[in-house]
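> Generate coordinates for the sequence data below:
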Amino acid sequence: RNARAFPFHNPVDPIALQIPHYFDIIPRKDARDLSTIRKHLDQDRYRNFDEFEADVKLMLKNCYTFNASDTPVYASGREFERLF
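Sure, this is the predicted structure:
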């Protein structure tokens, strides 16, 4: 596991992270994280690579939409994207 991917390992918990407005900005139906993506892989929910890639890109889009560009989480998203 890459340390830069840490913010993406599990679903965002708006209460624990003290960001109660998260789902006002990122619709619940669009929320993505690596554990959810892994579960979808394990359950054969992706019909092809493009669907898998779309979920990873949605996860990153959510990151960039919610987090300011000068934050560590945003930087982690950019690094993850670069490695992806």
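> contacting residues around the residue positioned nearest the centre of the chain?
With distances taken as CA atoms, centre = their mean, M59 lies nearest the centre of the chain, 3.1 Å away. Counting by CB atoms under 8 Å, 6 or more residues apart in numbering, M59 makes contact with F8, R32, D33, L34, I37. C-betas here are computed from N, CA, C, even on glycine.
> Adding pLDDT and distance to Y64, write those out as TSV.
Shown next, in TSV, are the contacts of M59 (pLDDT from 0 to 100; distance: CB to CB, whole Å):
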residue	pLDDT	distance to Y64
F8	97	12
R32	98	13
D33	98	15
L34	97	16
I37	98	17
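> name the element the closest residue to C63 other than its chain neighbours belongs to?
Computed as CB to CB, 6 or more residues apart in numbering, the closest residue to C63 that is not its neighbour in sequence is G77, at 3.8 Å. Using DSSP states H and E, G77 sits within helix 72-83.
> what do you get for Q18?
Counting by DSSP H and E, Q18 is part of no helix or strand.
> What count of nearby residues applies to it?
Residues near Q18, counting by other CB atoms under 10 Å, number 8.
> That one and T65: what is the separation?
18 Å (CB to CB, to the nearest Å).
> got it, and F80?
15 Å.
> Which residue of the two possesses the greater neighbour count?
Just comparing F80 and T65: by other CB under 10 Å the higher neighbour count belongs to F80, 20 against 10.
> Now the more buried one. Nearest residue, chain neighbours left out?
Residue nearest to F80 in three dimensions, not counting chain neighbours: A5, with 5.5 Å by CB to CB, 6+ apart.
> what's the offset of the top helix by length along the chain from the middle of its chain?
Using DSSP state H, we find that the single longest helix of the chain is helix 49-66. The chain centroid and the centroid of helix 49-66 are separated by 7 Å under CA atoms, centre = their mean, to the nearest Å.
> Flag the shaky bits of this structure, pLDDT-wise.
1 (pLDDT under 70).
> Wait, S76 touches P7, no?
Yes: between S76 and P7 there is a contact under CB atoms under 8 Å: 5.2 Å.
> which residues are in contact with both of those two?
C63.
> tell me which residues in stretch 64-74 are buried?
F66, N67, Y74 (16 or more other CB atoms under 10 Å).
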